[in-house]
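Engineer: Attaching a predicted model along with its sequence, questions to come.
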Amino acid sequence: MRSLRRRPCAALIGASTRMAAVTMLALTWSSLTAAAGGAPGVLPAAPADTAAAESPAASNAAQPDPHAPAAAPQVPGGHPPIAGHPPMGANAGDDTLSKFLATGSPFASERHKRQAEVARTGRMFVASSSSKEEPQMAPGTIGVVVRGADNKPLAGAEVRLTVLHESIEHGNSEKEVTATSNADGNAGFTKQPTDTSYQYEVVVRQGSARYSSGPFRLKTTHGQLVLMHVYPTTPSIDDTFIVTRALYVVEPRDDVFQVQVLFRFHNTNPMTWVPEHFSIPLPAGASAFRPANTTGDIRLLEQSGEVGISGSFTPGEHEISYSFQLPNDGEPTARLAMPLPPNMVDARLFVEASNSMTLSVSGLDAPTETRGKGGQRALLASRDFLTSTEARPTQLIARIAGLPSHGWGAIGATVIAATLALFGIAFATSREGKASKSIADADRQRARQLLLDELVEVEKAFADKRIGPKTRERTRQMLLDALARIEANAA
């Protein structure tokens with residue numbers, strides 16, 4: 001882009017819209033928690049009369065040590081011996097543990113609340129799949145151990161190995177190799193390439209659920225051991241224990257509010273949730289929906305004003321993220337309604353804010369001032385509902401005040417006036433409306449070219465979503481009117 005002197009309108013638009021976009025990757029839960037002054041990773045104290053009876057430690061005390069190393073699995077013929085797998089978490093099939101694990105709402109009882117608190121810290125009651133390098137295995141070898149919800153070997157499971165070969169010269173290619181687990185729950189793949197251009201993923205399907213190792217690459221010196229845990233499935237979120245956390249990030253723009261959403265689902269029970277006909281509403285007037293990349297088979301689909309969610313929510317943590325836009329009418333105060341997911345244990349709303357802007361969110365605590373990724377002022381409202389006595393909202397109602405009441409069109413008008421003055425264009429209109437003063441052809445040509453260049457910049461800004469459709473139309477009309485005045489003066 002040219003200098004401000006040469007490109008006044010484009011430069012001012014660019015400078016005013018250069019507020020750094022807050023991305024989901026930058027807004028980690030830990031940084032937002034610190035900004036809000038909370039610490040969701042801290043367990044709340046249990047009542048004295050129930051703490052000993054219902055705590056995870058007490059519940060697990062009477063059962064065999066769930067973290068004891070498993071016996072060395074018997075791998076298929078041709079495999080070298082494999083040492084016992086590292087700790088795999090609690091035994092999901094133990095009756096004592098099953099009695100401790102709660103299902104349904106995280107607010108149903110104090111026991112539910114404590115389990116929900118543990119869930120959102122990332123700690124698990126049940127074993128989840130894992131993948132690790134195994135020095136005792138030959139290079140190019142991938143050993144797979146499949147176990148059921150009772151932590152016992154699962155025979156006859158189809159194990160799929162996806163092999164992705166990345167090549168700049170020939171393009172990426174993908175192939176799939178299958179094997180079946182034996183009586184000991186083991187399957188294996190040998191003689192796989194160890195070049196860094198190859199990426200692998202082990203997948204086991206059980207019913208409608210998909211269990212994945214996640215992507216990995218092989219070392220040239222040894223193999224990889226993958227432990228896959230598969231669980232029963234349910235289409236109802238109330239049949240398992242899933243708690244959710246919500247984060248909304250709002251960036252005010254000229255004609256729209258750009259909104260980014262992050263929902264985290266924590267599943268701590270030995271049950272995989274495979275939702276059927278499950279969706280979360282979008283706010284009224286939402287447009288430009290765009291889902292972020294998801295892991296595994298989780299998919300997001302916008303339809304009829306709702307975000308449909310499908311896929312396998314296995315025990316562990318899952319994230320879904322998407323963005324959309326809401327109209328900004330240019331008023332100094334805006335009201336935004338943001339729907340929330342079920343079983344929500346904490347919520348946060350983050351707004352990029354100028355020095356004059358204020359924020360209030362019904363159902364959340366008073367906002368605190370913080371800084372966005374680019375160092376700009378921001379406001380953060382949040383609440384931990386596990387420790388709150390108030391009812392949980394089904395949506396966040398945010399009121400943003402102190403918004404600029406004028407659009408970028410005002411800047412365009414100022415720039416156009418300055419441009420005309422810069423080239424000495426003065427118009428004295430007679431009673432019939434005709435211009436009585438002309439300018440030199442060279443100056444007229446320079447002014448015409450400058451305004452045409454600005455029209456191009458406006459289209460680029462609209463294509464890049466730096467301005468909205470209303471601003472585009474207003475600024476275009478101003479520039480075209482200025483061109484018409486120049487042409488009228490020439491006549």
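Structural biologist: Nice, I can see it.
Engineer: What average pLDDT does stretch 236-250 get?
Structural biologist: Mean per-residue pLDDT for stretch 236-250: 94.
Engineer: List the buried residues in that stretch.
Structural biologist: By 16 or more other Cβ atoms under 10 Å, the buried positions in stretch 236-250 come out as 237, 240-250. Just so you know, the C-beta spots here come from the backbone N, C-alpha and C atoms, and that holds for glycine as well.
Engineer: First residue to last residue on that stretch, what's the distance there?
Structural biologist: 31 Å (Cα to Cα, to the nearest Å).
Engineer: now that stretch, how far from the centre of its chain.
Structural biologist: Put simply, stretch 236-250 sits 13 Å off its chain's centre (Cα atoms, centre = their mean, to the nearest Å).
Engineer: Please apply the same query to stretch 447-458.
Structural biologist: 38 Å.
Engineer: what do you get for stretch 293-312?
Structural biologist: Its chain's average C-alpha position is 12 Å from that of stretch 293-312, according to Cα atoms, centre = their mean.
Engineer: buried stuff in that stretch?
Structural biologist: Buried residues in stretch 293-312 (16+ other Cβ under 10 Å): 294, 296-298, 300, 302, 307, 309-312.
Engineer: got any ranges where this protein has weak pLDDT?
Structural biologist: Applying pLDDT under 70 to the chain flags the ranges 1-100, 405-440, 464-468, 489-491.
Engineer: and G104, how many neighbours?
Structural biologist: Counted with other Cβ atoms under 10 Å, residues neighbouring G104 total 16.
Engineer: In space, what's closest to it - neighbours in sequence excluded?
Structural biologist: D238 (5.1 Å; Cβ to Cβ, 6 or more residues apart in numbering).
Engineer: Now do the SS call for the one you found.
Structural biologist: Here D238 is helix, with the state taken from DSSP: H, G, I helix; E, B strand; the rest coil.
Engineer: In contact with it, which residues?
Structural biologist: 103-105 (Cβ atoms under 8 Å, 6 or more residues apart in numbering).
Engineer: mind redoing it with 10 Å?
Structural biologist: 103-105, 273, 342-343 (Cβ atoms under 10 Å, 6 or more residues apart in numbering).
Engineer: H165 now?
Structural biologist: By Cβ under 10 Å, 6+ apart, H165 lies in contact with 171-175, 193, 195, 197-199.
Engineer: taking these one by one, which sit in helices?
Structural biologist: Secondary structure defined by DSSP state H assigns none of the contacts of H165 to helices.
Engineer: where's K113, which helix or strand?
Structural biologist: Under the criterion of DSSP states H and E, K113 resides in helix 110-120.
Engineer: Sorry, slip of the keys, the one I care about is R448.
Structural biologist: Assigned by DSSP H and E, R448 falls in helix 441-463.
Engineer: Pull the distance from that helix to the chain's centre.
Structural biologist: 39 Å.
Engineer: which strands and helices sit next to that helix?
Structural biologist: Packing contacts for helix 441-463, counted by 3 or more Cβ pairs under 10 Å, 6 or more residues apart in numbering; DSSP states H and E, involve helix 8-16, helix 408-422, helix 469-490.
Engineer: Spatially central residue (nearest the centroid) of the chain, please.
Structural biologist: S321 (3.0 Å; Cα atoms, centre = their mean).
Engineer: And the closest residue to E251 other than its chain neighbours, how far from R245?
Structural biologist: In space, and not counting its chain neighbours, E251 is closest to Q258: 4.3 Å by Cβ to Cβ, 6+ apart. Distance of Q258 to R245, computed by Cβ to Cβ, to the nearest Å: 21 Å.
Engineer: Could you do T475 as well?
Structural biologist: Distance from T475 to R245, by Cβ to Cβ: 40 Å.
Engineer: Then E110?
Structural biologist: Remark: distance between E110 and R245 (Cβ to Cβ) = 20 Å.
Engineer: Kindly indicate which of the contacts of H165 lies nearest G223.
Structural biologist: P193 (12.5 Å; Cβ to Cβ).
Engineer: What are the neighbouring residues in contact with that closest one?
Structural biologist: 139-140, 163, 165, 200, 217-218.
Engineer: and what of A187?
Structural biologist: Contact analysis of A187 by Cβ under 10 Å, 6+ apart lists 75-76, 142-146, 157-161, 178-181, 202, 204, 226, 228.
Engineer: May I see the ChimeraX selection of the buried members of the residues you listed?
Structural biologist: Burial among the contacts of A187 is assessed by 16+ other Cβ under 10 Å; the matching ChimeraX selection reads:
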select :75,76,142,143,144,145,146,157,159,160,161,179,181,202,204,226,228
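Engineer: which stretches of the stretch 51-200 of the chain form strands?
Structural biologist: 130-134, 142-147, 158-165, 173-180, 186-189, 198-206 (DSSP state E, counting those that start in this stretch).
Engineer: My read is that S323 contacts E302, right?
Structural biologist: No: with contact defined as Cβ atoms under 10 Å, S323 does not count as touching E302 (11.0 Å).
Engineer: Quick check: neighbours shared by the two?
Structural biologist: 286, 289-291.
Engineer: Restricted to strands, list the residues you listed.
Structural biologist: With strands taken from DSSP state E, the overlap with those comprises 289-291.
Engineer: Just give the number of residues close to T370.
Structural biologist: Residues near T370, counting by other Cβ under 10 Å: 16.
Engineer: So which bits of the helix or strand harbouring it are buried?
Structural biologist: Per DSSP H and E: T370 is located in strand 368-371. Buried positions in strand 368-371, judged by neighbour count with 16+ other Cβ under 10 Å: T370.
Engineer: again with stretch 148-156
Structural biologist: 148-149, 151, 153-154.
Engineer: now the buried residues of stretch 236-250 in JSON lines, with secondary structure and distance to G330?
Structural biologist: JSON lines is the format used below for the buried residues of stretch 236-250 (DSSP: H, G, I helix; E, B strand; the rest coil; distance: Cβ to Cβ, whole Å):
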{"residue": "I237", "secondary structure": "helix", "distance to G330": "40"}
{"residue": "T240", "secondary structure": "coil", "distance to G330": "46"}
{"residue": "F241", "secondary structure": "coil", "distance to G330": "45"}
{"residue": "I242", "secondary structure": "strand", "distance to G330": "40"}
{"residue": "V243", "secondary structure": "strand", "distance to G330": "39"}
{"residue": "T244", "secondary structure": "strand", "distance to G330": "34"}
{"residue": "R245", "secondary structure": "strand", "distance to G330": "33"}
{"residue": "A246", "secondary structure": "strand", "distance to G330": "28"}
{"residue": "L247", "secondary structure": "strand", "distance to G330": "27"}
{"residue": "Y248", "secondary structure": "strand", "distance to G330": "22"}
{"residue": "V249", "secondary structure": "strand", "distance to G330": "21"}
{"residue": "V250", "secondary structure": "strand", "distance to G330": "16"}
